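Asker: Dropping a prediction and its sequence here:
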Amino acid sequence: MFPPIQDPEIWHRGDEQLIGIAAYAKAQMTDKRWRHTQGVVVAAHVLAHRHGADVRKATIAAYVHDVAKCWSLEQMRARIAAHDAHDPILDAPPSLWHAHAGALAVHCDVPSVDEDIVNAVKYHTSGRVGMGLLEKVVCVADYIEPGRHFEGVDQIRSEALHSLDRALLLGLSHTIRSLLAEHKHIYEQTVRSRNDMLRIVYPG
Ligand SMILES: [Fe+2]
Ligand SMILES: [Fe+2]
């Protein structure tokens, strides 16, 4: 399903913008997170082609989606609070902070990004009601990248080739089931996103 993963300098040869954005993300990550990121880039590339999304924007969003994942929680909190000290995400589980902190960082640090890319970063973990095409591509790519091996991932991979909505419904349902099984807090927006997909996939 996925083409082989290649280093950005080879894959994007001569494209200084993409190579620069990849280097910006890589510099803030562990090797393990970078391998995951490269997997998400490949998956987002395939899904964007398949579903008519902007392939370049999907590639950029995938490179930067976890840019803040390896920051300390204090660094994430400070970044979010500097923008809005009362941002409700700070009351949500810290595992969700990296998406919002990363979106703020990308908005400031990467001049070429637009609102679609920033939102794809911001909502890649929880989703949201009314997700746009690029947001769905990145969120699903994050679930199905070749390095993911959880139970049910192959079903999400095959659905993703036909329907991003069905793949997202499966992915978000998987997340909620896992959180329940681990007795962890479930962010309300994740539930709302899943119900929104349910409404789209099974209207009426
Ligand atoms: Fe993430
Ligand atoms: Fe990720």
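Answerer: Looks like it arrived, so ask away. Ligands and ions are numbered 1, 2, ... in the order given.
Asker: Outside of stretch 61-68 itself, list whatever touches it.
Answerer: 8, 18, 21-22, 24-25, 28-29, 33, 36-37, 40-41, 43-45, 75-76, 79, 97-99, 101-102, 105-106, 110, 113, 116-117, 120-121, 124, 134, 137-138, 141-142 (CB atoms under 8 Å, 6 or more residues apart in numbering). In this view, the C-beta of every residue, glycine as well, is placed from N, C-alpha and C.
Asker: Can you select the buried ones among those for me in PyMOL?
Answerer: Selection of buried members from these for PyMOL, criterion 16 or more other CB atoms under 10 Å:
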select buried, resi 8+18+21+22+24+25+28+29+33+36+37+40+41+43+44+45+76+79+97+98+99+101+102+105+106+110+113+116+117+120+121+124+134+137+138+141+142
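Asker: Helix or strand next in line after the lowest-mean-pLDDT helix or strand in the chain, which one?
Answerer: In the chain, no helix or strand scores lower on mean pLDDT, DSSP states H and E than helix 8-11, which sits at a mean of 94. Next helix or strand after helix 8-11 toward the C-terminus (DSSP states H and E): helix 16-26.
Asker: Convert whichever helix or strand comes after that following helix to CSV, retaining C-alpha atoms only.
Answerer: Remark: after helix 16-26, the chain's next helix or strand is helix 31-51, criterion DSSP H and E. Provided in CSV are the C-alpha atoms of helix 31-51 (Å, rounded to 0.1, in the frame of the first residue of the first chain):
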residue,chain,number,x,y,z
ASP,A,31,14.8,9.1,16.0
LYS,A,32,11.8,7.0,16.9
ARG,A,33,9.4,10.0,16.4
TRP,A,34,11.1,10.9,13.1
ARG,A,35,10.6,7.3,11.8
HIS,A,36,6.9,7.6,12.7
THR,A,37,6.7,11.0,11.0
GLN,A,38,8.3,9.7,7.8
GLY,A,39,5.6,6.9,7.9
VAL,A,40,2.9,9.5,8.3
VAL,A,41,4.3,11.5,5.4
VAL,A,42,4.2,8.4,3.1
ALA,A,43,0.7,7.5,4.2
ALA,A,44,-0.6,11.1,3.8
HIS,A,45,0.9,11.2,0.4
VAL,A,46,-1.0,8.1,-0.7
LEU,A,47,-4.3,9.2,0.9
ALA,A,48,-4.1,12.7,-0.6
HIS,A,49,-3.6,11.3,-4.1
ARG,A,50,-6.3,8.8,-3.6
HIS,A,51,-8.9,11.2,-2.2
